[in-house]
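Enquirer: Give the three-dimensional model of this entry:
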Amino acid sequence: MKIKYREELDPSLTVKISESLNYCWIEGITTAVTMGILDYYLVPYALFLGATNQQIGFLAALPTLFASISQLFAVRAVRLSGNSRLRLLLFGLGVQTAILIPLSFLAFFHFPGNVTILIIFHTTFSTLGTIIGPSWGSLVSDYLPPNQRGLYFGDRSRAIGVAGVIGLCLWGALLSLMKQTSISLGFFFVFLAAACFRFLSFYYMSRMVDLPLHKSPDGDFTFTKFLSRFKESNFVRFIFYVASISFAIQLANPYFNIYMLQDLHYSYATYMAVHLAGVISGLIAFPIWGRHADIVGNARILKIASLILPVIPILWLCSKNPFYLAFTSALAGFVISGFNLCTTNFIYDSVSPQKRLRCLGYFNLINGSAIFAGASLGGFLADRLPPLWGHRLLTLFLISGILRFLADFFLSQHFGEARTSVKKVSSLELFFSVVGVKPIEGVNTEFEVFPSFRQLMNMRKRPKRKVKRKTKLHK
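Expert: Numbers count the residues shown, from 1 in each chain. Reported below is the predicted structural model:
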């Protein structure tokens, strides 16, 4: 993958940026292993410690609430770090690593407050992650030109997906084996591994270059002023669209795991296999969505994906067969990967570098609040809804599907593409291109299963430091 670096940057930074993009690639893989453990095995861990449905709701909701509030201090955190985004990132990663170590030891202790401690640890971990998240997005987006972000982040996401597949299989197999001897020891090893891989993320991020932070007088604006521009701001309307979708998704998302493990009594191996289908599907889909988004625009992909999202929780009502649910998980992985990828890239395209850090913080605040509300309401309803075909959670899945449809129907038409240089194609043409029947002109049809590994193998080949031509520095 060839990246044309941004011309307004100092040419002497070209080599450092090239190396940083490679380190960012590896850092993404190590982060994927850590976050994969938290995404797929934190709920089983909580259930092992004796968590109730309401506590599972708190486990999903409280981290997003505190993380959302912390976004009001994301810009201030960068200032406290001396306007160094990289310094803030390293501080956050270091503390996160320290948090995961005692979290892993909870597996050996069973007392009334252990689930509460798990929630506190996870909330602190997630809050730190969202404080440093805007700095990461702001820094890495400064490395790349706008028309190649979809390609880079799409292929990087596929590398992360590979790590997710390997990690999901490894930890699931480990827990299945350890269940016969000591499941406590199994969970300890899994979450201690999360701490180790978080430390590796710290190491590789420390080798990235820290670019100067863009400053502008109009880059400072209050949250109230930001919200007041709802009518005229395409970006603000986009945020509320994504937040509405996130609320509807999170209403049911934490409870798919409970449904499989407690209602359907799946083994850890079967549980892993269902999630694995979604991870592999997302792995395949990321570069497909990324290449199409570079051509037709991120808004177009978002609206296509949000048309399919309401179907996913409805499909969980139709069968309890693990093969069928694996297919449903695969469809979800394919669609959500495109939605998440294009959400991030839409922000980078819509906001100037001077405002990007603050706008990322405000986006995370609103979207995180919606996630908190959805997960909290889901936890409240999970034990109170009337059962559908013998399961209360199926009623919750149905409500989630209806709300996803309503969010898409009422809000998807109120924002448009941020870039002007996009290709206009019909929805049918886009569909046939995404599934590979008739690719749109300009879309790279080459498909490499694991291009990220080739990228990693080339890391030792340091790029030449000689600059062929001089370019004017940006004033």
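Enquirer: quick one: buried residues of the host helix or strand of F431?
Expert: Using DSSP states H and E, F431 maps to helix 427-434. Under the neighbour-count criterion of 16 or more other CB atoms under 10 Å, helix 427-434 has 429-430, 433-434 buried. The way it works is simple: take the backbone N, C-alpha and C, and place the C-beta from them, glycine included.
Enquirer: between the residues you listed, which is closest to I288?
Expert: Top of the list for closeness to I288, among those and by CB to CB, is V434 at 6.1 Å.
Enquirer: still on that earlier bit, give the rounded mean pLDDT of the helix holding F431.
Expert: Helix 427-434 shows a mean pLDDT of 72.
Enquirer: that older thread, a markdown table for the buried residues of helix 427-434, including distance to D142?
Expert: A markdown table is the format used below for these (distance: CB to CB, whole Å):
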| residue | distance to D142 |
| --- | --- |
| E429 | 34 |
| L430 | 30 |
| S433 | 30 |
| V434 | 30 |
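Enquirer: List just the nearest of these to Q54.
Expert: Among the buried residues of helix 427-434, and counting by CB to CB, the member closest to Q54 is V434, at 39.9 Å.
Enquirer: quick one: contacts for the closest one?
Expert: By CB atoms under 8 Å, 6 or more residues apart in numbering, the contact set of V434 is 288-289, 292.
Enquirer: So R207 belongs to a strand, correct?
Expert: No - secondary structure of R207 (DSSP: H, G, I helix; E, B strand; the rest coil): coil, not part of a strand.
Enquirer: count of neighbours near it?
Expert: 14 (other CB atoms under 10 Å).
Enquirer: what about I336, which helix or strand?
Expert: Taking DSSP H and E as the criterion, I336 maps to helix 322-350.
Enquirer: what's the model's confidence in that helix, averaged?
Expert: The model assigns helix 322-350 a mean pLDDT of 88.
Enquirer: Please identify the buried residues of the next helix-or-strand element following that helix?
Expert: The element immediately downstream of helix 322-350 (helix or strand, assigned by DSSP H and E) is helix 353-382. Across helix 353-382, burial judged by 16+ other CB under 10 Å covers 353-379, 381-382.
Enquirer: Likewise for stretch 201-208?
Expert: Neighbour counts over stretch 201-208 (16+ other CB under 10 Å) mark 201-202, 204-205, 208 as buried.
Enquirer: tell me which of the residues you listed is nearest to R76?
Expert: Using CB to CB, M205 comes nearest to R76 of the buried residues of stretch 201-208, at 21.2 Å.
Enquirer: if we can go back for a sec, pLDDT added to the buried residues of stretch 201-208, as a markdown table?
Expert: Converted to a markdown table, the buried residues of stretch 201-208 look like this (pLDDT from 0 to 100):
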| residue | pLDDT |
| --- | --- |
| S201 | 92 |
| F202 | 93 |
| Y204 | 91 |
| M205 | 90 |
| M208 | 88 |
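Enquirer: L315: which of the residues you listed is nearest?
Expert: Closest to L315, out of all of these and judged by CB to CB, is S201, at 34.6 Å.
Enquirer: does that closest one count as helix, strand or coil?
Expert: For S201, the assignment made with three-state DSSP gives helix.
Enquirer: The spatially closest residue to it that is not a sequence neighbour is in what secondary structure piece?
Expert: Nearest non-adjacent residue to S201, counting by CB to CB, 6 or more residues apart in numbering: T30, 4.5 Å away. Secondary structure from DSSP H and E places T30 in helix 14-48.
Enquirer: Can you name every helix or strand that that helix contacts?
Expert: helix 53-70, helix 114-143, helix 149-178, helix 183-205, helix 255-258, helix 268-296, helix 451-457 (3 or more CB pairs under 8 Å, 6 or more residues apart in numbering; DSSP states H and E).
Enquirer: The residue nearest to S201 and I17, how far apart?
Expert: 20 Å (CB to CB, to the nearest Å).
Enquirer: thinking again about what came up before, next, the angle helix 322-350 makes with the helix holding F431.
Expert: Using axes from the mean of the first three to the mean of the last three CA atoms, to 10 degrees, the direction of helix 427-434 lies 110 degrees away from that of helix 322-350.
Enquirer: Was I right to think D263 contacts H391?
Expert: Yes - D263 is within contact range of H391, at 5.4 Å (criterion: CB atoms under 8 Å).
Enquirer: Where does the prediction get shaky in the stretch 51-200 of the chain?
Expert: Scanning the stretch 51-200 of the chain for pLDDT under 70 picks out 71, 74-75, 146-147, 149-150, 154.
Enquirer: 50 instead?
Expert: Within the stretch 51-200 of the chain, not a single segment meets pLDDT under 50.
Enquirer: Tell me how far the spatially most central residue of the chain lies from A305.
Expert: The centroid of the chain falls nearest to N340 when counting by CA atoms, centre = their mean (6.4 Å). N340 sits 9 Å away from A305, going by CB to CB.
Enquirer: what is in contact with the two at once?
Expert: Taking CB under 8 Å, 6+ apart as the criterion, N340 and A305 do not both touch any residue.
Enquirer: quick one, what contacts the residue lying closest to C359 once chain neighbours are set aside?
Expert: Spatial nearest neighbour of C359, excluding adjacent residues (CB to CB, 6+ apart): V351 at 4.5 Å. For V351, the contacting residues are 235, 359-360, by CB under 8 Å, 6+ apart.
Enquirer: Just send those residues back as TSV, with pLDDT and distance to N53 too.
Expert: As requested, those are exported to TSV (pLDDT from 0 to 100; distance: CB to CB, whole Å):
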residue	pLDDT	distance to N53
F235	85	37
C359	80	36
L360	77	33
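Enquirer: how about the residues you listed in a markdown table, adding distance to I440?
Expert: Shown next, in a markdown table, are the contacts of V351 (distance: CB to CB, whole Å):
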| residue | distance to I440 |
| --- | --- |
| F235 | 26 |
| C359 | 30 |
| L360 | 30 |
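Enquirer: between those residues, which is nearest H414?
Expert: Of those, the one sitting nearest to H414 (CB to CB) turns out to be F235, at 11.6 Å.
Enquirer: count of neighbours near the nearest residue to the closest one once chain neighbours are set aside?
Expert: With CB to CB, 6+ apart as the criterion, F235 has its nearest non-adjacent residue at 4.5 Å, and that residue is S350. Around S350 there are 23 other residues, counting by other CB under 10 Å.
Enquirer: ok, now how distant is S350 from G361?
Expert: As judged by CB to CB, S350 and G361 stand 15 Å apart.
Enquirer: what's the answer for T31, then?
Expert: From T31 to G361 the distance is 20 Å (CB to CB).
Enquirer: residues contacting L103?
Expert: The contact partners of L103, by CB under 8 Å, 6+ apart, come to 118, 121-122, 125, 191, 195.
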